[in-house]
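turn this into a structure:
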Amino acid sequence: MMLGKEKITLFGLGLMAGTFGLKLATSKTAKKAYVKTLATGLKAKAECDKMIEEAKANVDDIMAEAKLVSEHE
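Next comes the predicted model:
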């Protein structure tokens, strides 16, 4: 079982770590990293959207061609 002094020390250390973590998370360097990461994610999303649109266009082309073939048979 912890003594009162140890509990207070651990609480103080936790408070200091939390404060330091908050300052670190809101620093200019961290914000730049967040922006870069988000920009990379947005770029990846745009590429995925582009691939999906191309796939849809290919499916539409295949469907149109299949309809033509079925009408002529």
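
helix or strand: which one has K45?
helix 28-72 (DSSP states H and E).

state the mean pLDDT of that helix.
On average, the pLDDT along helix 28-72 is 94.

what's the offset of that helix from the middle of its chain?
Distance of helix 28-72 from its chain centroid, counting by Cα atoms, centre = their mean, to the nearest Å, is 17 Å.

distance of V35 relative to K28?
Distance of V35 to K28, given as Cβ to Cβ, to the nearest Å: 11 Å. The way it works is simple: take the backbone N, C-alpha and C, and place the C-beta from them, glycine included.

which of those two has more neighbours?
V35 (10 against 7; other Cβ atoms under 10 Å).

what's the spacing between that one and E47?
Distance from V35 to E47, by Cβ to Cβ: 19 Å.

same thing with I8?
53 Å.

got it, and K7?
In terms of Cβ to Cβ, K7 sits 52 Å off from E47.

next one: F20
In terms of Cβ to Cβ, F20 sits 37 Å off from E47.

do L15 as well
Where E47 is concerned, L15 sits at a distance of 44 Å (Cβ to Cβ).

how about L38?
15 Å.

do G12 as well
Counting by Cβ to Cβ, the gap from G12 to E47 is 48 Å.

then L24?
In terms of Cβ to Cβ, L24 sits 31 Å off from E47.

what does N58 give?
17 Å.

before we move on, what about E54?
Using Cβ to Cβ, E54 is found at 11 Å from E47.

and for S27?
30 Å.

what does L10 give?
Distance from L10 to E47, by Cβ to Cβ: 47 Å.

quick one: residues contacting the residue most central in space within the chain.
With distances taken as Cα atoms, centre = their mean, G41 lies nearest the centre of the chain, 5.7 Å away. Residues in contact with G41 (Cβ atoms under 8 Å, 6 or more residues apart in numbering): none are found.
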